[in-house]
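**Q** Return atomic coordinates for the entry below.
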Amino acid sequence: MDQLVSLSVKTTGHVAEVTLLGPGKGNAMGPDFWRELPQVFGALDADPQVRAIVLTGSGANFSYGLDLPAMMPSWAELLGSDPALAEPRTRFLHDLRRLQDSVTAVAACRKPVIAAVSGWCVGGGVDVISAADIRLASADAKFSVREVKVAIVADLGSLQRLVGIIGEGHLRELAFSGRDIDARRAEKINLVNDVYATQEEVLEAARALAEEIAANPPLVVQGVKDVLDTARAPQVAAGLRYVGAWNSAFLPSKDLAEAATAFFERRPPTFSGE
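**A** Just a heads-up that it's a prediction; the model follows:
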């Protein structure tokens with residue numbers, strides 16, 4: 001925990017506060033993040049002194065999502081290889097399941113997790129807050145299930161977990177369109193429980209709620225979470241395995257290459273459906 005790069009952890013009483021640090025711009029999620037997230041939540045799960053967790057971002061934003069420049073090298077072989085080769089696809093599937101497991105570590109943590117979101121929460125950021133138990137936002141928060149914009153089927157948990165949070169219709173709208181929504185809309189569709197005026201206020205509200213939860217019998221609180229997750233967890237796991245297989249088969253495409261090229265050239269992509 002002392003050697004963390006992308007996250008910081010501070011414990012006050014029975015409440016731990018986990019803060020995204022980047023190092024990518026806007027707390028973008030690169031290799032360090034995906035390695036450290038399950039380490040941190042595994043350690044907090046095992047710590048008997050921790051009874052509730054606040055998850056937030058440093059700076060003005062929660063997270064811009066996947067750090068494409070940092071992660072793209074790991075995709076290079078899959079995108080540049082013969083599409084018929086199984087080996088790079090199998091390797092990609094293994095790497096993808098590792099990223100899925102990182103997000104699942106948040107959901108699997110026995111301690112309730114409260115996400116306090118300010119600024120942008122995009123792509124992988126939405127995957128992570130979907131794995132939290134409770135979400136709060138400041139008025140400037142903006143959310144986007146944006147993977148469709150870069151020719152990817154969202155594969156780290158938002159499609160599996162958000163259906164139980166915001167319902168089928170709202171999830172399909174966000175996932176098909178990739179549009180941004182503000183905090184007011186997020187509250188209306190139950191993506192967040194409450195909206196606060198400022199980043200400072202939402203963080204204080206998250207801390208206060210965490211302390212209220214931590215004052216209850218810890219094993220009972222953990223039992224409540226376990227019971228609530230009984231039906232959902234197997235469905236989420238099955239969905240993650242399916243989308244992993246889907247993307248391992250269909251991710252390599254001209255549209256994905258176009259999305260990556262357009263991103264680096266800072267222009268709108270032109271998709272061909274190939």
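**Q** rest of the way, CA atoms for contacts and neighbours
**A** OK.
**Q** Can you tell me the SS state at Glu17?
**A** The local conformation at Glu17, judged by DSSP: H, G, I helix; E, B strand; the rest coil, is strand.
**Q** Bridging across strands, which residues link to the closest residue to it other than its chain neighbours?
**A** Of all residues not flanking Glu17 in the chain, Val54 sits nearest, at 4.7 Å (CA to CA, 6 or more residues apart in numbering). Bridge pairing for Val54 (DSSP bridges) gives the partners Glu17, Ile114.
**Q** what about Asp182, how many neighbours?
**A** 17 (other CA atoms under 10 Å).
**Q** need the contact list for it.
**A** Ala139, Asp140, Ala141, Lys142, Phe143 (CA atoms under 8 Å, 6 or more residues apart in numbering).
**Q** can you tell me which residues contact the residue nearest to Glu17?
**A** By CA under 8 Å, 6+ apart, the neighbours of Val54 are Val15, Ala16, Glu17, Val18, Val113, Ile114, Ala115, Ala116, Ala206, Arg207, Ala210.
**Q** The fifth one is in contact with Ile53, isn't it?
**A** To tie it back to what came earlier, the one meant is Val113. Yes: taking CA atoms under 8 Å as the definition, Val113 is a contact partner of Ile53 at 4.7 Å.
**Q** Quick one: the helices in this structure, in order.
**A** 31-46, 68-80, 86-108, 124-131, 158-161, 163-166, 168-177, 183-188, 199-214, 218-250, 254-265 (DSSP state H).
**Q** Next, find the distance separating Pro234 from Thr104.
**A** Separation of Pro234 from Thr104 (CA to CA, to the nearest Å): 12 Å.
**Q** Tell me which residue is most central in the protein.
**A** Val128 (2.1 Å; CA atoms, centre = their mean).
**Q** gap between the residue nearest to Val5 when sequence neighbours are not counted and Leu219?
**A** Of all residues not flanking Val5 in the chain, Asp32 sits nearest, at 6.6 Å (CA to CA, 6+ apart). Distance, Asp32 to Leu219, by CA to CA: 32 Å.
**Q** same deal with Val163?
**A** Distance from Val163 to Leu219, by CA to CA: 28 Å.
**Q** Counting neighbours around each, name which of these two comes out higher.
**A** Val163 (15 against 12).
**Q** Name the helix or strand of this protein that has the lowest mean pLDDT.
**A** helix 68-80 (a mean of 74; mean pLDDT, DSSP states H and E).
**Q** ok, Val113 and Ile53, which is more surrounded?
**A** A direct count of neighbours by other CA under 10 Å for Val113 and Ile53 places Ile53 higher, at 33 against 26.
**Q** That one and Ala70: what is the separation?
**A** 28 Å.
**Q** Also Phe143?
**A** 22 Å.
**Q** So these two - more neighbours on which side?
**A** Legend: neighbour count by other CA under 10 Å for Phe143 and Ala70, higher for Phe143 (27 against 14).
**Q** OK, contacts around the residue nearest to that one when sequence neighbours are not counted?
**A** Among residues not flanking Phe143 along the chain, Cys121 sits closest, at 4.9 Å (CA to CA, 6+ apart). With contact taken as CA under 8 Å, 6+ apart, Cys121 is in contact with Asn61, Phe62, Ser63, Tyr64, Gly65, Ala141, Lys142, Phe143, Ser144.
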